[in-house]
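1. got a predicted structure plus its sequence, pasted below:
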Amino acid sequence: MARKGDVVINIERCKGCEVCLTACPHEVLALSNEVNSKGYHYAMKVNSACTGCANCAIVCPDAVITVYREKAVKKA
Amino acid sequence: MKGNEALAEAAIRAGADAYFGYPITPQSEVIEYLMRENPADRTGMQVLQAESEVAAINMVYGAAGCGKRVITSSSSPGISLKMEGISYIAGAELPCVVVNVVRAGPGLGTIQPSQSDYFQAVKGGGHGDYKLIVLAPATVQESVDYVKLAFELAFKYRNPVMILSDGIIGQMMEKVELFEQMPRDTTEYEWATVGKKPGKPSAIVTSLQLQSEEQEKVNLRLQAKYREMEKNEVLFETHQCDDAEYLFVAFGSCARITRKAMEMAREKGIKVGLIRPQTLYPFPYDEISRLASQMKGVLTVEMNAGQMVEDVRLAVNGKTPVKFYGRFGGMIPSPEEILEALEQKIVGG
Amino acid sequence: MAENNLVHPDNLVYEKTSVMTDRVLHYCPGCGHGTAHRLLAEVIDELGIQGETIGVAPVGCSVLAYYYFDVDMQEAAHGRAPAVATGIKRVFPEKFVFTYQGDGDLAAIGTAETIHACNRGENILVVFINNGIYGMTGGQMAPTTLPGMKSSTSPRGRDVATMGNPLKITELVAELPGTYFVTRQSVHAPANARKAKRALKKAMEYQKLNKGTCFVEIVSNCPSGWKMTPAQSNKWMEENMFPYYPLGDIKVPENQ
């Protein structure tokens, strides 16, 4: 089973380009209805299917995504 | 030594880190000498023949941006090509030395000597409000000494310095005394790109300011620097001015011929002196103004159609008549011609 | 929520590299420049060469690249970056030197500097962003604009009969003996971005070998210039740019 992951998005610096949305294999991300102070709808997490693959972060032109992933469980 | 070769040797001895150039008559001996001499073995100095003058001056920009002592040389059409880079170097406030062994123009012109790049050298040449310090050697010895001086001034003001020579001085053989080999400067300047130091901001070499307010501040800083140069760096030489009633103004190789004309005039009883600006920027306005007060007339002699004469007129400011005599297109005036011009335009005028 | 417990330094797998400054990038939403910057910055970070790297910024959209890379940088005149980089590398042969240039800069006004730096085999990395348009000046035709592609100076589409053909300069420099590693990548999708990063890393590492110029083209988008959304522009790029500018290595070191 895939490991669990999480993303933290710096919403103030997000420009809402949606490149991360198409990059996510689990449809974790969507654009907000709200806008940030620059007027951009920003990327946000809409479910907990994130596996921490970092696909979103590696294509983010503005480097706004930080990715976490649970450690692989070592077999005893 | 031949002028161009002596200048090249002076570059090595001045501790230059690099030379980037492109062949063009009448200055190709500079790069030929350097390639033959292979200073990498002597001092570590790098020499590279670029694909164009444009590339050469931008290589100068890159190496100068690293805080290194860099020199390039060319002749008039090549200097026109370098003007883009010279403006960027002035804007980014980088030190470097640019040698122009002037030939006659416009366009391809002729390979024969001229002083027709005076305006280009002292009034800007490239775009934007900037100044080069311009040194005008009259002898091979001065070509050598000015290389050392040019590097000193370039680093003192972080500004490009031009040595405005011509085909006569570049091609002439004269006895010279070379200064001793100076060590290469290994200082890591904080404005230079030498690799970011931990905890310090990265060094950025640029002439770009997107905000007009910021660009104006840069311009004001540059202007303040130019006023300092004008205050501190004016160089000139005078001959027999004390009792003179008339004054010659001439620079570079043309000043040597004019000096001969002065001696011939003195033999005929005409009391004429000579002032030879050695820096064309900053220009010796004050000294010429002072001298003009005692003169019945001033004759500016140049190997062009009349360029420095405009600065002479600014200096004299109507105190006494200022006339011009010039040969151009690669023609060199004779002392006899100059004497005749003095007699006709000034003494009898 | 259980996953919130994951947000802990121990579980960190990806964050912005410190070789990128904290300045907000001025690029339009979805522009590949930001991604290309970040990948190169990550490479510099991972190789531990931040203090030995000197970059050269071009004229074009990435004219302010020196605001974003936290390394010493010089701003070159339009097209002259390879000459500036040559000057730097000749006095600092032990440093890592790169240029970052767009298509107008590298393949039009700077063609001579590009070709001759590559032909001399300057030991520098040239990063070439090809989006087929002049972005900064407002969407004019570039040397790499595709046949029939509209721009503000080819409003009826590029007519190769009068406007000339798109220049495949990457294939051209690959022919030169001075180049060591020449590749064409993209950064619009995760797999492509990872490949591009590997290419940039190899290219930077090769600089230590003094074997010649490494040239990494990144085919990229220009949503504003192409007048598309970022997603549309990436799709258009895949369908139109990639057939003309196929991705992949063009020249690899013989022993690799």
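-> Received it, and whenever you're ready, just let me know what you need.
2. quick check: B:Thr72 vs A:Ala57, distance?
-> Plainly put, B:Thr72 is 46 Å away from A:Ala57 if you go by Cβ to Cβ, to the nearest Å. All C-beta spots, glycine's among them, are computed from the backbone N, C-alpha and C.
3. more neighbours, the two?
-> Using other Cβ atoms under 10 Å in any protein chain shown, the more surrounded residue of B:Thr72 and A:Ala57 is B:Thr72, with 31 against 25.
4. in the sheet, who's paired with that one?
-> Note on B:Thr72: beta-bridge partners B:Val98, judged by DSSP bridges.
5. hmm, it is touching B:Tyr61, no?
-> No. The criterion here is Cβ atoms under 8 Å, and B:Thr72 misses it with B:Tyr61 at 10.1 Å.
6. now do the shared contacts for the two.
-> Taking Cβ atoms under 8 Å, 6 or more residues apart in numbering or on different chains as the contact definition, B:Thr72 and B:Tyr61 share the neighbouring residues B:Cys96.
7. what segments of chain A are strands?
-> Secondary structure of chain A (DSSP state E): strands located at A:5-9, A:29-35, A:41-45, A:65-69.
8. around chain C, pick out the residues from chain A.
-> If contact is defined as Cβ under 8 Å from any Cβ of the partner chain, the residues of chain A in contact with chain C are A:4-6, A:8, A:13, A:15-19, A:22-23, A:40, A:48, A:50, A:52-55, A:57-71.
9. quick one: buried ones out of those?
-> Listed as buried from the residues of chain A next to chain C are A:4-6, A:8, A:13, A:15-19, A:22-23, A:40, A:50, A:52-55, A:57-70; burial here means 16 or more other Cβ atoms under 10 Å in any protein chain shown.
10. please identify the residue most distant from the middle of chain B.
-> Taking Cα atoms, centre = their mean as the measure, the residue most remote from the mean C-alpha position of chain B is B:Gly199, 40.8 Å away.
11. roughly how far does B:Thr300 sit from chain C?
-> Counting by Cβ to the nearest Cβ, to the nearest Å, the gap from B:Thr300 to chain C is 36 Å.
12. that residue belongs to a strand, doesn't it?
-> Yes. Counting by DSSP: H, G, I helix; E, B strand; the rest coil, B:Thr300 is found in a strand.
13. okay, now it: neighbour count?
-> Counted with other Cβ under 10 Å, the burial measure for B:Thr300 works out to 27 neighbours.
14. what helix or strand does the nearest residue to it once chain neighbours are set aside sit in?
-> Computed as Cβ to Cβ, 6 or more residues apart in numbering or on different chains, the closest residue to B:Thr300 that is not its neighbour in sequence is B:Val309, at 4.1 Å. When secondary structure is defined by DSSP states H and E, B:Val309 falls within helix B:308-316.
15. hey, C-alpha coordinates of that helix in CSV?
-> Output of helix B:308-316 as CSV, limited to C-alpha atoms (Å, rounded to 0.1, in the frame of the first residue of the first chain):
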residue,chain,number,x,y,z
MET,B,308,38.7,68.6,-29.7
VAL,B,309,38.4,72.2,-30.9
GLU,B,310,34.9,72.2,-29.5
ASP,B,311,36.2,71.6,-26.0
VAL,B,312,38.9,74.2,-26.6
ARG,B,313,36.3,76.7,-27.5
LEU,B,314,34.3,75.8,-24.3
ALA,B,315,37.5,76.3,-22.3
VAL,B,316,38.4,79.6,-24.0
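16. which residues are in contact with that helix?
-> B:115, B:118, B:122, B:249, B:251, B:277, B:280, B:283-286, B:288-289, B:292, B:298, B:300, B:302, B:322, B:324.
17. ok, then the element right after that helix?
-> Along the chain past helix B:308-316, the next helix or strand (assigned with DSSP H and E) turns out to be strand B:322-326.
18. helices or strands next to that following strand in the packing?
-> Applying 3 or more Cβ pairs under 8 Å, 6 or more residues apart in numbering or on different chains; DSSP states H and E, one finds that strand B:322-326 contacts strand B:297-302, helix B:308-316, helix B:335-341.
19. buried residues in the longest one, which are they?
-> To tie it back to what came earlier, the one meant is helix B:308-316. B:308-309, B:311-313, B:315-316.
20. and the last one, by the same measure?
-> Using 16+ other Cβ under 10 Å as the burial criterion, the residues of helix B:335-341 that qualify are B:335, B:337-339, B:341.
21. give me the residues contacting the helix or strand harbouring B:Met262.
-> When secondary structure is defined using DSSP H and E, the element that contains B:Met262 is helix B:252-267. Contacts to helix B:252-267, defined as Cβ under 8 Å, 6+ apart, come from residues B:113, B:115, B:136-139, B:164-166, B:168-169, B:239-240, B:246, B:248, B:250, B:272-274, B:276, B:301-303, B:332-336, B:338-339, B:342-343.
22. ramachandran angles for C:Gly30?
-> With angles defined as degrees, to the nearest 10, C:Gly30 sits at phi 80, psi 0.
23. name the residues that touch stretch C:228-247?
-> Contacts with stretch C:228-247, where a contact means Cβ under 8 Å, 6+ apart, come from A:17-19, A:22, C:29-31, C:130, C:132, C:144, C:146, C:149, C:166, C:168, C:170, C:184-186, C:188-189, C:192, C:217, C:219-223, C:226.
24. try 6 Å
-> Under the criterion Cβ atoms under 6 Å, 6 or more residues apart in numbering or on different chains, residues A:17-19, C:29-30, C:146, C:184, C:186, C:188, C:219, C:221, C:223, C:226 lie in contact with stretch C:228-247.
25. which of these sits closest to chain B?
-> The shortest distance between chain B and any of the contacts of stretch C:228-247, using Cβ to the nearest Cβ, involves C:Pro29 and amounts to 20.2 Å.
26. surely the closest one is in contact with A:Lys15?
-> Yes. Contact between C:Pro29 and A:Lys15 holds when scored by Cβ atoms under 6 Å: they sit 3.7 Å apart.
27. joint contacts of these two?
-> Both C:Pro29 and A:Lys15 lack any common contacting residue under the criterion Cβ under 6 Å, 6+ apart.
28. any idea how many residues pack against the closest residue to A:Val35 other than its chain neighbours?
-> If you skip the residues right next to it in sequence, A:Val35 has A:His41 as its closest partner in space, 5.7 Å away by Cβ to Cβ, 6+ apart. By other Cβ under 10 Å, 17 other residues sit near A:His41.
29. can you pull the contacts of A:His41?
-> For A:His41, the set of contacting residues under the criterion of Cβ under 6 Å, 6+ apart consists of A:16, A:31-32, A:35.
30. go on, B:Pro113?
-> If you count contacts by Cβ under 6 Å, 6+ apart, B:Pro113 has them with B:166-168.
31. show the pLDDT at it.
-> Note on B:Pro113: pLDDT of 96.
32. can you pull out the helices in the stretch 151-256 of chain C?
-> The residue ranges that make up the helices of the stretch 151-256 of chain C, judged by DSSP state H, counting those that start in this stretch, are C:160-163, C:169-174, C:190-206, C:223-226, C:230-236, C:242-244.
33. which of those sits closest to C:Lys16?
-> Shortest separation from C:Lys16 across the helices of the stretch 151-256 of chain C is recorded for helix C:190-206, at 14.3 Å, computed as Cβ to Cβ.
34. circling back: dump the helices and strands packed on strand B:322-326 to a markdown table, plus mean pLDDT.
-> A markdown table is the format used below for the helices and strands packed on strand B:322-326 (pLDDT from 0 to 100):
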| stretch | mean pLDDT |
| --- | --- |
| strand B:297-302 | 98 |
| helix B:308-316 | 98 |
| helix B:335-341 | 98 |
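35. now the buried members of the contacts of helix B:308-316.
-> With neighbours counted by 16+ other Cβ under 10 Å, the contacts of helix B:308-316 contain buried members at B:115, B:118, B:122, B:249, B:251, B:277, B:280, B:283-285, B:288, B:292, B:298, B:300, B:302, B:322, B:324.
36. tell me the residues of the stretch 1-150 of chain C that contact chain A?
-> Neighbours of chain A within the stretch 1-150 of chain C, by Cβ under 6 Å from any Cβ of the partner chain: C:3, C:6-7, C:11-16, C:20, C:24-25, C:29-31, C:34-35, C:38.
37. please narrow the residues you listed to those residing in strands.
-> Those of those lying in strands (DSSP E): C:12-14.
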